[in-house]
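Chemist: Would you be able to build a 3D model of this:
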Amino acid sequence: MTNVTQAGTQAAGTQAAGTQAAGIQAAGTQAAGTQADNAPGTSGVQIRGSIPAIITPMLEDGSLDLPAFRKLIDWHVAEGTNALVVVGTSGESATLSVEEHVLMVKTAVEHTAGRIPVIAGSGGNSTAEAIELTREAKEVGADATLQVVPYYNKPTQEGIYRHFVKIAETVDLPVILYNVPGRTVADMSNETILRCAQVPGIIGVKEATGNIDRAAHLIKSAPAHFGIYSGDDPTAIALMLLGGHGNISVTANVAPRAMSELCKAALAADAKTAREIHLKLLSLHKNLFIESNPIPAKWALQQLGRVQGGIRLPLTPLDAQYHEVVRGALREAGLLG
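Modeler: This is a model prediction of the structure:
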C-alpha cells in the first residue's frame, strides 16, 4: 500500500493505517478462523490469546537455522498458539542484520500461510530506521508490527508519542506498542499509552512492567478496540483475568500448549483452570529469566530437541551452574521425564 510520504497528506495516510488496523483481517480472516480463540471478540480486539515471542533458531556457529524455525512454527500452530511475534527481544533482534530481520519475517509469513497472524518486531531507537524496518515487514506480508519504546536515547513522553505516531502515519501496518522499561530505560506512561490509543493504526500495547495496578488502569481506560497484552509471564494470568487480551510470552516458547490453555481459560474467566496451569508453569516463568532472555529459553528448547545451541554474542550459552535448575523447571511443567 501507499504510505504517507508517497501518498501525500498526513491525514490520508493516517486514515489508511486506521482502516487496515480496524479490521486486522490483515491479521488474517483465515488465521483467525484457524484458531477459534483468536476470533474477533465483542470488544473489537482482533489478536488474542497466547502469542509467543518466538526465538530465532541458530546453528552452533550463530548462523540462522531456517529449517528449525519452520518446524517451530508448525509445532506452535499444532499446540494452539494464536499468533507469533518474530524478531522481537526473544528473537535476538539486536544482533540480527536488517537483511536477517526481513528474512525471518518473510519466512514466518510464508510458512504460517495464513494459519495464524505474524507480528514483526520492527522497532528501534531511530524513528527513521523503525519506519524502514516496518515498511520492509509490511512488504513481506506481516500482519502487524511490535514497536518497542525507543531505548538508550531516553526520549520524553512527547518524543515517545511522536515516534509512534510517525510510524503509524507512515506505514499502513497495525502497530502494537511495547513498554519494557527494564530494557529501554525510558518508561512509557499510561497517559502516553492512552494518548497513542486514539491514533488510527495503533491497536494495542504489550505491557511488560509486571505492574498489575498499572495494567488494570489501562484496561479500565483504553478504548474498546485497543488490545492490552501482558509481556510478563508471572503476572499474565492476572492481567487477562482483569480483562486483558493475551500474553506475548517467553514461556510459550517452551510450553506452547500449556500457555495456550492458560490464556484460553483466563480469557474465558475460568480462574480455576488458569490457576492450575499457572502454578504448573511457575518455575518456568522464573527460571527462563535466570540469565538474560533468550539464553535459558534457547537452552531449554535444545534440551527438548527443538533447536541447536546457537546464540550470538554478546549473549552466551546458559552457564552450566543453571542447567539442572532449568531442567527441573521443565520437569515441573511436565515437559521432561
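Chemist: Now do the helix or strand where K298 lies: which elements does it pack against?
Modeler: Counting by DSSP states H and E, the element that carries K298 is helix 295-303. Other helices and strands packing on helix 295-303, by 3 or more C-beta pairs under 8 Å, 6 or more residues apart in numbering; DSSP states H and E, are helix 323-332. C-beta: built from backbone N, CA, C; applies to glycine.
Chemist: Give me the mean pLDDT for the helix it packs on.
Modeler: Helix 323-332 carries an average pLDDT of 99.
Chemist: ditto for stretch 191-211
Modeler: Mean pLDDT, computed over stretch 191-211, is 98.
Chemist: what do you get for stretch 266-274?
Modeler: Across stretch 266-274, pLDDT averages out at 99.
Chemist: same thing with stretch 61-78?
Modeler: For stretch 61-78, the mean pLDDT works out to 99.
Chemist: mind showing which ranges of the stretch 151-300 of the chain have poor pLDDT?
Modeler: Low-confidence regions of the stretch 151-300 of the chain, defined here as pLDDT under 70, do not occur.
Chemist: for the residue nearest to S230 when sequence neighbours are not counted, what are its contacts?
Modeler: Closest residue in space to S230, ignoring its immediate chain neighbours: A236 at 3.7 Å, by C-beta to C-beta, 6 or more residues apart in numbering. Counting by C-beta atoms under 8 Å, 6 or more residues apart in numbering, A236 touches S230, G244, N247, S249, L262, C263, A266.
Chemist: So which of the residues you listed belong to helices?
Modeler: L262, C263, A266 (DSSP state H).
Chemist: any idea which of these is closest to Q302?
Modeler: Nearest to Q302 out of the ones in helices among the contacts of A236 is L262 (C-beta to C-beta; 23.8 Å).
Chemist: Do I have it right that I277 meets A265?
Modeler: Yes. The pair I277 / A265 is scored as a contact, 6.8 Å apart, by C-beta atoms under 8 Å.
Chemist: which one among the ones in helices among the contacts of A236 gets closest to S126?
Modeler: Out of the ones in helices among the contacts of A236, the member with the shortest distance to S126 (by C-beta to C-beta) is C263, at 33.5 Å.
Chemist: how far away is the closest one from G210?
Modeler: For C263, the distance to G210 equals 17 Å [C-beta to C-beta, to the nearest Å].
Chemist: Repeat that for L315.
Modeler: Computed with C-beta to C-beta, the distance linking L315 and G210 is 22 Å.
Chemist: just I116 next, same as before
Modeler: Counting by C-beta to C-beta, the gap from I116 to G210 is 26 Å.
Chemist: repeat for P294
Modeler: For P294, the distance to G210 - C-beta to C-beta - is 18 Å.
Chemist: Who has more neighbours out of these two?
Modeler: P294 (25 against 17; other C-beta atoms under 10 Å).
Chemist: To which secondary structure element type does the nearest residue to the more buried one once chain neighbours are set aside belong?
Modeler: Nearest residue to P294, sequence neighbours excluded (C-beta to C-beta, 6+ apart): S90, at 4.5 Å. Of the three states, S90 takes coil under DSSP: H, G, I helix; E, B strand; the rest coil.
Chemist: dump the residue contacts of S90.
Modeler: S90 makes contact with P52, A53, I54, I55, V250, N253, N293, P294, A297, according to C-beta under 8 Å, 6+ apart.
Chemist: L66 now?
Modeler: P57, L103, T107.
Chemist: Equivalent analysis for H217, please.
Modeler: H217 neighbours (C-beta under 8 Å, 6+ apart): N190.
Chemist: List the buried residues for stretch 86-105?
Modeler: Buried residues in stretch 86-105, counted by 16 or more other C-beta atoms under 10 Å: 86-93, 96, 100-105.
Chemist: where along this structure do the strands fall?
Modeler: In the chain, the strands defined using DSSP state E lie at 49-52, 84-86, 118-121, 144-148, 175-179, 202-207, 227-230, 246-249.
Chemist: Could you pull up the mean pLDDT of the first one?
Modeler: With pLDDT averaged residue by residue, strand 49-52 scores 99.
Chemist: That strand pairs with which strands?
Modeler: Strand pairing for strand 49-52, determined by DSSP bridges: strand 246-249 (parallel).
Chemist: now what about the strand it pairs with, what contacts it?
Modeler: Contact with strand 246-249 is made by 47-53, 82, 85, 88, 146, 206, 227, 229-231, 233, 236, 239-240, 259, 262-263, 267, as judged by C-beta under 8 Å, 6+ apart.
Chemist: Pull the distance from that strand to the chain's centre.
Modeler: Centroid separation for strand 246-249 versus its chain: 7 Å, with C-alpha atoms, centre = their mean, to the nearest Å.
Chemist: Alpha carbons only: can I get that strand in PDB?
Modeler: Extracted C-alpha coordinates of strand 246-249, given in PDB (Å, rounded to 0.1, in the frame of the first residue of the first chain):
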ATOM      1  CA  GLY A 246      -3.500 -12.100  25.800                       C
ATOM      2  CA  ASN A 247       0.100 -12.800  26.600                       C
ATOM      3  CA  ILE A 248       3.200 -12.000  24.500                       C
ATOM      4  CA  SER A 249       5.200 -14.700  26.100                       C
END
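Chemist: Next, format the contacts of A236 as CSV and append neighbour count.
Modeler: Listed next are those as CSV, based on neighbours: other C-beta atoms under 10 Å:
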residue, neighbour count
S230, 28
G244, 29
N247, 32
S249, 31
L262, 30
C263, 30
A266, 27
